[in-house]
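Chemist: Can you look at this prediction? I've put the sequence above it.
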Amino acid sequence: METKYQKQAKVFKALCDPKRLAILEQLRGGEKCACVLQEPLDLTQSGLSYHMKILCDSGIVTSRQEGKWTHYQLSDSGREYAIELLKELTTPDTEQAIACHRCV
């Protein structure tokens, strides 16, 4: 079973590669077929599949099959999860800070 931290790490893994960031940039314009995503990035089909699996596993991107092609788009819920996760992890918890000061 996937832990909370494993799920969170998938989001950051999706965002830590230049090729995946370029893919996300392309998807900002709307749903794209794998063949359209592949060309400007100079990726092989297997290379694109590797990156798309990571993006889809993170929840930031969703996919659907149409014939032999897969179409990808940004996920609203995945985006919201990533935003909230970053906020949560970078917002100080004042109760923990107070507890820590008491120990000193």
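Modeler: Done, it's in.
Chemist: Counting neighbours, show which residues of the helix or strand where Lys53 lies come out buried.
Modeler: Using DSSP states H and E, Lys53 falls within helix 45-58. By neighbour count on 16 or more other CB atoms under 10 Å, the buried set for helix 45-58 is Leu48, His51, Met52, Ile54, Leu55, Cys56, Ser58. (C-beta placed from N, C-alpha, C; glycine too.)
Chemist: how far away is the fifth one from Met1?
Modeler: Using CB to CB, to the nearest Å, one obtains 22 Å as the distance from Leu55 to Met1.
Chemist: Okay, now the unreliable bits of the chain?
Modeler: Flagging of the chain using pLDDT under 70 yields the residue ranges 95-104.
Chemist: Which parts of it are strands?
Modeler: Ranges of strands in the chain, per DSSP state E, are 32-33, 61-66, 69-74.
Chemist: partners of the last one in the sheet?
Modeler: Under the criterion DSSP bridges, strand 69-74 sits next to strand 32-33 (antiparallel), strand 61-66 (antiparallel) in its sheet.
Chemist: CSV for those, including mean neighbour count and distance to Thr44?
Modeler: Formatted as CSV, those follow (neighbours: other CB atoms under 10 Å; distance: least, CB to CB, whole Å):
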stretch, mean neighbour count, distance to Thr44
strand 32-33, 15, 16
strand 61-66, 13, 18
